[in-house]
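A.B. asks: the amino acid sequence is not available; the structure is as follows:
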Ligand code: ADP
Ligand code: MG
């Protein structure tokens, strides 16, 4: 082929990617290939732009050989692929994010060739909505088996607010991406329809605002605000437990919005059926529409999430260390991120690369933490009562025989170890006991474990049963 133009090479490249795409998962595609940019080509080499050195290393290591083979197959000759880091201005920086109306691709001024690959889309969907965190967009959300249904639902809602799934509830343990998804919906709708009134609020702020307005006798202002929104995103509705007046107000807000087909999306840390002290009629509203749960990510997804976070922050950590983190931190994404942050802060401080040993040492506290997700009160009560062959009703009863107090205290102990429920909440779950009773039970078991050599293995076994059953 004489007289080859750039266009030829770029279409070879495009075809290579197209075919390559068939052999990888969508996740890999989005993660690694959607931000590649064809730069130029000669008879020896094609140059491909990548966003960072991290990308360059990862792509070359993971896919370099296979892409070369595919390219050779398509253009009939062996070509080098030169991945070039393009120094783009910080696309991800918060405030100067790309204007919503900008419809051209972001390209580096230094780039030698115009980008001819139409599939490349680097525009971040972070909008400038004041209440939304610019980091929480669909682009930065990694889709895995654990969350794909939720992510698809969120996406569908953002395309057709008020019709697709209305209302919609995302529930699951801490740090699994509920807030991230909820805010992604907000960003995405805002970007397409900047005139819609989109309100994101935590249930806690909603409550505080409501109480404040009641105190100031300004209820009409509150009603005006919430009953005129187009999209209402309420985070962490479990906070509303026992907040009766706020529940009442939300119930009416819900009805007003629902009747006028406004989109409502909630998140909660557990299924609605496990909420206590929420009026039945409000519960039935939450349960209407679609309820989707988010589960802890599997190993592959955890790795993809870490890669994405590293890429965003331009951090490079060896594959072995990433694997170490992902194998040891399984419960949620927030903990995963915390481990990454700790390591990078350390690396910066001592100015050296993170070895496996350094990582183990630095993260030992992170690695010992118990899994904290997906474990409900009922589940723990059931495992413990089955084991001791007492009924859960007995656990919650006022009975004080030893045959019952020991299992009860153990159940309280395990709840406190494995979940984030407060002692007040735990007390409530055991027949309305006081939080001091729960603290007492906890310390009692702790000290008994020191003196009774059989107790510790029993509790460890129970904890294992609880966790294993929660996983399945
Ligand atoms: P939740 O609201 O469920 O407690 P968050 O939405 O606050 O959890 O998520 C905790 C952190 O983990 C956030 O920084 C979020 O960006 C990140 N995260 C969670 N799931 C994902 C995911 N699938 N892809 C990328 N980041 C994620
Ligand atoms: Mg949250």
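C.D. replies: Sure thing, it's come through. Just so we're clear, the structure is a prediction, and the values are computed from it rather than from any experiment. Residues are numbered from 1 along each chain as shown. Ligands and ions are numbered 1, 2, ... in the order given.
A.B. asks: and what about the closest residue to ligand 2 within the stretch 351-472 of the chain, helix, strand or coil?
C.D. replies: The stretch 351-472 of the chain approaches ligand 2 most closely through residue 420 (12.1 Å), counting by CB to the ion. Where you see a C-beta, it was placed from the backbone N, CA and C, and this is true even at glycine. Classification of residue 420 using DSSP: H, G, I helix; E, B strand; the rest coil returns coil.
A.B. asks: against ligand 1, how distant is residue 340?
C.D. replies: Using CB to the nearest ligand atom, to the nearest Å, residue 340 is found at 10 Å from ligand 1.
A.B. asks: tell me which element that residue falls in.
C.D. replies: Assessed by DSSP states H and E, residue 340 sits inside helix 333-350.
A.B. asks: follow-up on the earlier one: can you check the pLDDT for the residue of the stretch 351-472 of the chain closest to ligand 2?
C.D. replies: Predicted confidence (pLDDT) for residue 420: 74.
A.B. asks: that one: how many residues sit nearby?
C.D. replies: 13 (other CB atoms under 10 Å).
A.B. asks: tell me which residue is most central in the chain.
C.D. replies: Nearest to the geometric centre of the chain sits residue 177, at 2.0 Å (CA atoms, centre = their mean).
A.B. asks: surely it and residue 143 touch.
C.D. replies: No - using CB atoms under 8 Å, residue 177 makes no contact with residue 143, being 10.0 Å away.
A.B. asks: please name the residues that touch the residue of the stretch 251-400 of the chain found nearest ligand 1.
C.D. replies: Here the stretch 251-400 of the chain gets closest to ligand 1 at one residue, residue 333, 3.4 Å apart by CB to the nearest ligand atom. Each residue near residue 333 by CB atoms under 8 Å, 6 or more residues apart in numbering is listed here: 175-177, 297, 302, 305.
A.B. asks: which ones among the residues you listed are found in strands?
C.D. replies: The strands, defined by DSSP state E, take in nothing from those.
A.B. asks: buried stuff in the helix or strand in which residue 220 is found?
C.D. replies: Applying DSSP H and E as the criterion places residue 220 in helix 219-227. Neighbour counts over helix 219-227 (16 or more other CB atoms under 10 Å) mark 222, 226-227 as buried.
A.B. asks: do you know how far whichever residue of the chain sits closest to ligand 2 is from residue 274?
C.D. replies: For the chain, the residue closest to ligand 2 is residue 179, as judged by CB to the ion, at 3.2 Å. Going from residue 179 to residue 274 by CB to CB, to the nearest Å gives 19 Å.
A.B. asks: more neighbours, those two?
C.D. replies: residue 179 (19 against 14).
A.B. asks: give the bridge partners for the nearest residue to that one once chain neighbours are set aside, please.
C.D. replies: Nearest residue to residue 179 in three dimensions, chain neighbours excluded: residue 235, at 5.6 Å (CB to CB, 6 or more residues apart in numbering). Residue 235 forms beta bridges with residue 202, as assigned by DSSP bridges.
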